[in-house]
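[1] my questions are about this predicted structure, shown below with the sequence.
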Amino acid sequence: MPEQINVMIVEDESIVAMDLAAGLEHDGYTVVGIADNYNDAIKLFSDNVVDILLMDINIYGNKDGVETATELMKIKHVPLIYLTAFT
């Protein structure tokens, strides 16, 4: 049986986040949660084992995805994939 890979999604568009989660779970990944802002991302990341982080660049709140990812990497360095629909 393959090793479980835990993915965390930070995305402020709920439909996009749910679609990403469904696709990842279909492909065998475990989605540990979805956050849409800095504070929720920090809590979710701290409370779970995360192997891969999918991060939207533009998220709710006063910190963007780049600032949020920088803080998360101070907690634990994991592979990070930035996502954005921002043109």
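    Great, that's in hand.

[2] point out the other helices and strands that the longest helix along the chain packs with.
    Under DSSP state H, the helix in the chain containing the largest number of residues is helix 14-26. Counting contacts by 3 or more Cβ pairs under 8 Å, 6 or more residues apart in numbering; DSSP states H and E, helix 14-26 packs against strand 6-10, strand 30-35. Where C-beta positions appear, they are placed from N, C-alpha and C, glycine not excepted.

[3] which strands and helices sit next to the first one?
    Secondary-structure packing of strand 6-10 (3+ Cβ pairs under 8 Å, 6+ apart): helix 14-26, strand 30-35, helix 38-47, strand 52-56, helix 65-75.

[4] contact partners of that strand?
    17, 20-21, 24, 29-36, 41, 44-45, 48-56, 59, 65, 68-69 (Cβ atoms under 8 Å, 6 or more residues apart in numbering).

[5] buried ones in it?
    Of the residues in strand 6-10, 6-10 count as buried by neighbour count, 16 or more other Cβ atoms under 10 Å.

[6] rewinding a little: any chance of a markdown table for the helices and strands packed on strand 6-10, columns distance to Ile81, mean pLDDT and mean neighbour count?
    Shown next, in a markdown table, are these (distance: least, Cβ to Cβ, whole Å; pLDDT from 0 to 100; neighbours: other Cβ atoms under 10 Å):
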| stretch | distance to Ile81 | mean pLDDT | mean neighbour count |
| --- | --- | --- | --- |
| helix 14-26 | 10 | 97 | 14 |
| strand 30-35 | 14 | 98 | 18 |
| helix 38-47 | 14 | 98 | 17 |
| strand 52-56 | 5 | 98 | 21 |
| helix 65-75 | 10 | 97 | 16 |
